[in-house]
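1. Return a 3D structure for these sequence lines:
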Amino acid sequence: MVLAIACAVLAAAERLDPAAIAGLLLIGELGLDGRVRPVRGVLPAVLAAADAGYTRVVVPAQTAPEASLVPGMDVRGVRTLGSLIALLSGREAAEDQPGPEEPAQPDNALAGLSLPGLGVRGRAADERDHRDLADIAGQYEARHALEIAAAGGHHLFLKGPPGAGKTMLAERLPGILPPLSPHQALEVTAVHSVAGLLPPGRPLVGTAPYCAPHHSTTMPAIIGGGSGLPRPGAVSLAHRGVLFLDEAPEFPVRVLDALRQPLESGEVVVARSAGSLRLPARFLLVMAANPCPCGRWSRRGQACDCTPTMVSRYQARLSGPLLDRVDLRVEVEPVTRVELMERDASAENSATVAARVLAARERAAARFAGTPWRTNGEVPGHELRTRWRLAPGALQDAERQLERGLLTARGLDRVLRVAWTAADLAGLDLPGRAQVRTALSLRSGVPGGLAAPG
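-> The predicted structure follows:
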């Protein structure tokens, strides 16, 4: 039974004063043993209640820290119907003890992350083990692309043989992203609350999420949906973080093409008979792929068991319209013996790269002050071409490729975005020809930026 219905029945039976529940929001389920059970989506429900003018809310005790993230709300957590009746009647109640299946909540569940303006604190430390960029042997071009992706919010495609380090690179991208702002942390936490994925004792998600679904994952699990009321999919669980598709060509083609809408709009709308759900989905997409089904094909002529038809069919599973939305494409070469066996003292760690990424994001945010955008990857191409022009002569190479059909109009816009990010990382006021050439090279995946149309 829903907790609110139980209280309404008690008020009708004159066991509760109706005035005690007037203007009170009650969230939770009631078990047959009288225990109040937690439900999904407490944070967005309390946020909506605050917007509607409510100031008092009763929630299951397990979700009280989550509900307390909303400023200006008087939150009371209860574990049993008896304790709720005592609370509403103004009587003293014995302290509720956690049931055998529910862990006790630590007192410091909200300690760690300062949220200015919200009046609350949350934990910033990621529960995942901290993977460092310094662990990666070689792959300097891929590491540079990773830094640009983090600084500008650009999507990334890593292509190379098995064992070259593509997964390691993707796993380290969240570690160089800036911490979530208070507003972003609430957005991400609300999505995870609806999905029922908030871990006990950690009511606030303060770091960029990382989601890596298997290639056998279904369409509803990636985009969102399911029977009854739609639930968030991987694209929403990765909101403000990283969505990593390993072995991307192995994903169903319809699933890959369904990513095109959220990549452009930053949100996904899932409609079902029980209702429709609009969820945020502004994530960094990282795709990794082998060059062929066996993984040994390369331009260097290495031995490969795949026929040219097999190679073409495998690579064609990633459609042109999808790849056209990916700003950075990198050929990840196999690691050499020297790179693997000898420690590279010049390899930067994640903290060093993260500092540069944060500085670049701050430069972009200052440039976009007064606009709805904060990163270069979000700015529409028309605005970049008319409002923020590049240095004179900077676009010579890009214009030449556009005329030759080696670059599409959307591709030119994405080259401009990456060029601005390269300039922000270098501390320049305007991108020059060198930054545009860097963007063209990363766009094509070939040094010099000469490649197939895109």
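2. after the helix or strand of the chain with the lowest mean pLDDT comes which helix or strand?
-> One helix or strand of the chain scores below all others by mean pLDDT, DSSP states H and E: strand 120-122, with a mean of 33. Toward the C-terminus, strand 120-122 is succeeded by helix 140-152 as the next helix or strand (DSSP states H and E).
3. For that next one, which residues meet the burial criterion?
-> Of the residues in helix 140-152, those buried by neighbour count under the rule 16 or more other CB atoms under 10 Å are 141, 142, 143, 144, 145, 146, 147, 148, 149, 150, 151, 152. Where you see a C-beta, it was placed from the backbone N, CA and C, and this is true even at glycine.
4. Assess the claim that the second one and residue 167 are in contact.
-> Read that as residue 142. No. Assessed by CB atoms under 8 Å, residue 142 is found out of contact with residue 167, at 11.7 Å.
5. ok, which stretches of the stretch 351-454 of the chain are strands?
-> If DSSP state E, counting those that start in this stretch is used as the criterion, the stretch 351-454 of the chain turns out to lack strands entirely.
6. what are the ranges of the helices in it?
-> Taking DSSP state H, counting those that start in this stretch to define them, one finds helices in the stretch 351-454 of the chain at 381-386, 396-403, 409-426, 433-444.
7. what's the closest of those to residue 239?
-> Closest of the helices of the stretch 351-454 of the chain to residue 239 is helix 409-426, at 20.0 Å (criterion: CB to CB).
8. and the closest one with helix 140-152, angle?
-> When axes from the mean of the first three to the mean of the last three CA atoms, to 10 degrees is applied, the directions of helix 409-426 and helix 140-152 differ by 90 degrees.
9. Run the angle between helix 409-426 and helix 396-403 for me.
-> Orientation check (the same axes, to 10 degrees): helix 409-426 against helix 396-403 gives 160 degrees.
10. With only the CA atoms kept, save helix 409-426 in PDB.
-> Written as PDB, here are the backbone C-alpha positions of helix 409-426 (Å, rounded to 0.1, in the frame of the first residue of the first chain):
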ATOM      1  CA  ALA A 409      29.100  21.200 -43.400                       C
ATOM      2  CA  ARG A 410      28.500  19.500 -40.000                       C
ATOM      3  CA  GLY A 411      32.100  18.300 -40.100                       C
ATOM      4  CA  LEU A 412      33.300  21.900 -40.500                       C
ATOM      5  CA  ASP A 413      31.300  23.000 -37.500                       C
ATOM      6  CA  ARG A 414      32.900  20.300 -35.400                       C
ATOM      7  CA  VAL A 415      36.300  21.200 -36.700                       C
ATOM      8  CA  LEU A 416      35.700  24.700 -35.400                       C
ATOM      9  CA  ARG A 417      34.600  23.400 -32.000                       C
ATOM     10  CA  VAL A 418      37.800  21.300 -31.600                       C
ATOM     11  CA  ALA A 419      40.000  24.200 -32.800                       C
ATOM     12  CA  TRP A 420      38.500  26.400 -30.100                       C
ATOM     13  CA  THR A 421      39.200  23.700 -27.500                       C
ATOM     14  CA  ALA A 422      42.800  23.300 -28.700                       C
ATOM     15  CA  ALA A 423      43.100  27.100 -28.300                       C
ATOM     16  CA  ASP A 424      41.700  27.000 -24.800                       C
ATOM     17  CA  LEU A 425      44.100  24.300 -23.800                       C
ATOM     18  CA  ALA A 426      47.000  26.400 -25.200                       C
END
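11. could you say what helices and strands that helix packs with?
-> helix 140-152, helix 350-367, helix 381-386, helix 396-403, helix 433-444 (3 or more CB pairs under 8 Å, 6 or more residues apart in numbering; DSSP states H and E).
12. distance between the third one and the chain's centre?
-> It refers to helix 381-386. Put simply, helix 381-386 sits 26 Å off its chain's centre (CA atoms, centre = their mean, to the nearest Å).
13. swap in stretch 413-429?
-> The chain centroid and the centroid of stretch 413-429 are separated by 22 Å, computed with CA atoms, centre = their mean.
14. Run through who's touching it.
-> For stretch 413-429, the external contacting residues (CB atoms under 8 Å, 6 or more residues apart in numbering) are 147-148, 151-152, 154, 325, 327-328, 356-357, 359-361, 363-364, 376-377, 379-381, 384-385, 388, 390, 394, 398, 407, 430-432, 435-436, 438-440, 442-443.
15. same thing with stretch 254-263?
-> 155, 217-219, 222-223, 235, 245, 248, 268, 281-283, 285, 317-319, 321-322, 325.
16. Which parts of the stretch 201-350 of the chain are helices?
-> Residue ranges of the helices in the stretch 201-350 of the chain, as given by DSSP H, counting those that start in this stretch, are 219-223, 234-237, 253-258, 260-265, 308-315, 320-323, 337-341, 350-367.
17. Ok, which of those comes nearest residue 61?
-> When the helices of the stretch 201-350 of the chain are compared for distance to residue 61 using CB to CB, the nearest one is helix 234-237, at 25.5 Å.
18. counting contacts, what elements does that closest one pack onto?
-> Applying 3+ CB pairs under 8 Å, 6+ apart, we find helix 234-237 packed against helix 182-195, helix 219-223.
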